[in-house]
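Asks: Make a model of this:
(one chain, ligands or ions: 1)
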Amino acid sequence: MDELRSTAGLLARARRVVVFTGAGISAESGVPTFRDDLTGLWARFDAEQLATPEAFHADPDLVWGWYEWRRARVARAVPNAGHLAVAAIEARVPHVVVVTQNVDDLHERAGSRDPVHLHGSLFAPRCIGASGHPAQVTALADGDGPIPPPRCAECGWLVRPGVVWFGEALPEDALNAAVHAAARCDVLLTVGTSGVVYPAAEIPLVAARAGATLVQVNPEPTPLDPFCDVSLRGTAAQVLPALVSAAWDGSVQTSGTPVSAPE
Ligand code: OAD
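Replies: Below you'll find the model as predicted:
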């Protein structure tokens, strides 16, 4: 409890904060993580067959169908108290950058302004042609089996999910924005990530090397533990609202309409 209060004090005084999130922040919205033992996606599905350029080349219907299943699931999910607390932090600290590894849109729907998506988005399909331009996909399917991907209306190439696959580079703008923010923040809050997928997992370390205080929110230990100044053990939807309440005197919303950002 003392740790929560002292962390809240730090947050209340901070001018530049980075909130770095992973699948764990969306777990309480019903979106599965990747590496949790029983429920994680990689416990049930083979990443090699679903999340690589080679997999899409070998079986585009299987891969497109799997991402459509995930997209439909996310579309039905709603932001949880953890996402709302992140938006509340944004509304209270002068400079906040939310950097997420998640391909869902729950930060946006909770009221976060412009989250940096390091691993792309389920909602930004693009053409597999060389330019990789965004593709309009009008009728998104809602199934749980193989689905043929649509064709790009402009070039006729297949359309692919707008996510980063294993073996692919992260979007340069997103990575630069994340590194830039991490190198300048006072506090980096890492929430719900196992911290094992690079280069994304480098972001908290960039902040630590630059002298920021590293605060972790996770019910389990992670490889980031040795680098963290504080590890708050608990779920995002429990710990983050408590942190915001302790920092700003009980003014965080935990359900209902998202907290709006200041003008
Ligand atoms: P992981 O599944 O690797 O880790 C999820 C983390 O969330 C674990 O450390 C859990 O202990 C924690 N967790 C679970 N429930 C939680 C809760 N309610 N509140 C807070 N934390 C909770 O997910 P990521 O670290 O996001 O990449 O995975 C990183 C990347 O690996 C993903 O972006 C994805 C995946 O392969 C790509 O698809 C490129």
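Asks: C-alpha only now, for contacts and for neighbours.
Replies: OK.
Asks: what's the distance between residue 91 and residue 17?
Replies: Per Cα to Cα, to the nearest Å, residue 91 is found 12 Å from residue 17.
Asks: do the same with residue 42
Replies: Distance from residue 42 to residue 17, by Cα to Cα: 31 Å.
Asks: More neighbours: those two, which one.
Replies: residue 17 (25 against 16; other Cα atoms under 10 Å).
Asks: Okay, and that one sits in which element?
Replies: In the assignment (DSSP states H and E), residue 17 maps to strand 16-21.
Asks: Show me what that strand is packed against.
Replies: Using 3 or more Cα pairs under 8 Å, 6 or more residues apart in numbering; DSSP states H and E as the contact criterion, the elements in contact with strand 16-21 are strand 95-100, helix 172-184, strand 187-191.
Asks: Could you tell me how many residues sit around the closest residue to residue 39 other than its chain neighbours?
Replies: Closest residue in space to residue 39, ignoring its immediate chain neighbours: residue 32 at 6.4 Å, by Cα to Cα, 6 or more residues apart in numbering. Residues near residue 32, counting by other Cα under 10 Å, number 19.
Asks: so where do the helices sit in this structure?
Replies: For the chain, the helices defined by DSSP state H occupy 2-13, 24-27, 41-44, 47-50, 53-58, 60-76, 81-92, 106-110, 172-184, 202-209, 236-248.
Asks: can you put those in CSV and add distance to the ligand and mean pLDDT?
Replies: Formatted as CSV, these follow (distance: least, Cα to the nearest ligand atom, whole Å; pLDDT from 0 to 100):
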stretch, distance to the ligand, mean pLDDT
helix 2-13, 15, 95
helix 24-27, 3, 98
helix 41-44, 8, 85
helix 47-50, 8, 88
helix 53-58, 12, 96
helix 60-76, 11, 93
helix 81-92, 8, 98
helix 106-110, 14, 98
helix 172-184, 13, 98
helix 202-209, 12, 98
helix 236-248, 4, 97
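Asks: Run through who's touching the strand holding residue 17.
Replies: 11, 86, 93-102, 181-182, 184-193, 203-204 (Cα atoms under 8 Å, 6 or more residues apart in numbering).
Asks: Write out the residues of the stretch 101-250 of the chain neighbouring the ligand.
Replies: 101-102, 119, 164-166, 191-195, 197, 218-220, 222, 235-236 (Cα under 6 Å from any ligand atom).
Asks: Please indicate which of those residues are buried?
Replies: 101-102, 119, 164-165, 191-195, 218-219, 235-236 (16 or more other Cα atoms under 10 Å).
Asks: on that earlier part again, so what's the residue nearest to residue 39 up against?
Replies: 23, 26, 39-41.
Asks: how about those in TSV, adding neighbour count?
Replies: Shown next, in TSV, are those (neighbours: other Cα atoms under 10 Å):
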residue	neighbour count
23	23
26	28
39	14
40	16
41	16
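Asks: Dump the residues you listed into a markdown table; add distance to residue 114 as well.
Replies: Formatted as a markdown table, these follow (distance: Cα to Cα, whole Å):
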| residue | distance to residue 114 |
| --- | --- |
| 23 | 18 |
| 26 | 17 |
| 39 | 29 |
| 40 | 27 |
| 41 | 26 |
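Asks: out of those residues, who's nearest residue 150?
Replies: Proximity of these to residue 150, judged by Cα to Cα, is greatest for residue 41, which lies at 24.6 Å.
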